[in-house]
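Participant: Prediction below, plus the sequence it came from.
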Amino acid sequence: MTNDRRYFDLEERTLRFAVDVRDFLKACPKSMSNFEYSKQLIRSSGSDGANYIEANEALSKKDFVMRIKISKKEAKESRYWLYLMETPEQKQKEQLVNETLELMKIFGSIVESCKNPSPKAIDFEN
């Protein structure tokens, strides 16, 4: 499964998302609410990629699907915390929100393809 270049591209994309969130947070105003929201956002923005990496090392199809669902959930959580962040830089915030939406769609699509595998789908049984 890890030989497929698409998996590594998504690993890179989720890593880039976590780094972009980190950089975004450095520029956000220091307030009590931003401090609390940023702690949650840092965790969730890194967790979607970490769970995706775990999915690529899954021991079974069920494990793979569970990790992908967690990745989607973490991307959705990141979107929530981004909405709550106070920032003068709305453009960067919107770009990050859009990336969370795209990641959610990608992870959702992966889950759906596992439910209805194509002929080229990965066989976890062999």
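Facilitator: The structure has been received and is ready for your questions. Since this is a predicted model, take the numbers as computed values, not measurements.
Participant: Could you report the pLDDT at residue 123?
Facilitator: Here the pLDDT value assigned to residue 123 is 56.
Participant: Repeat that for residue 2.
Facilitator: 46.
Participant: How about residue 50?
Facilitator: Taking residue 50 on its own, its pLDDT is 96.
Participant: The helix or strand where residue 44 lies: which residues count as buried?
Facilitator: Using DSSP states H and E, the secondary-structure element containing residue 44 is helix 32-56. Going by neighbour count (16 or more other CB atoms under 10 Å), the buried part of helix 32-56 is 34, 37-38, 41-42, 44-56. All C-beta atoms are positioned from the backbone trio N, CA, C, and that covers glycine.
Participant: Packing partners of that helix?
Facilitator: With contacts defined as 3 or more CB pairs under 8 Å, 6 or more residues apart in numbering; DSSP states H and E, the packing partners of helix 32-56 are helix 5-27, helix 61-84, helix 90-115.
Participant: how many degrees apart are that helix and helix 90-115 in direction?
Facilitator: Relative orientation of helix 32-56 with respect to helix 90-115: 30 degrees, computed using axes from the mean of the first three to the mean of the last three CA atoms, to 10 degrees.
Participant: for the residue nearest the centre of the chain, what are its contacts?
Facilitator: With distances taken as CA atoms, centre = their mean, residue 48 lies nearest the centre of the chain, 3.5 Å away. Going by CB atoms under 8 Å, 6 or more residues apart in numbering, residue 48 touches 14, 17, 18, 71, 72, 74, 75, 78, 103, 107.
Participant: Quick one, which of those are buried?
Facilitator: Applying a neighbour-count criterion of 16+ other CB under 10 Å, the buried members of these are 14, 17, 18, 71, 72, 74, 75, 78, 103, 107.
Participant: so the third one touches residue 49, yeah?
Facilitator: Okay, so that is residue 18. Yes - taking CB atoms under 8 Å as the definition, residue 18 is a contact partner of residue 49 at 5.7 Å.
Participant: where are the low-confidence patches of this structure?
Facilitator: Along the chain, the parts satisfying pLDDT under 70 run over 1-8, 117-126.
Participant: List the buried residues of stretch 77-94.
Facilitator: Using 16+ other CB under 10 Å as the burial criterion, the residues of stretch 77-94 that qualify are 77, 78, 79, 81, 82, 85, 92, 93.
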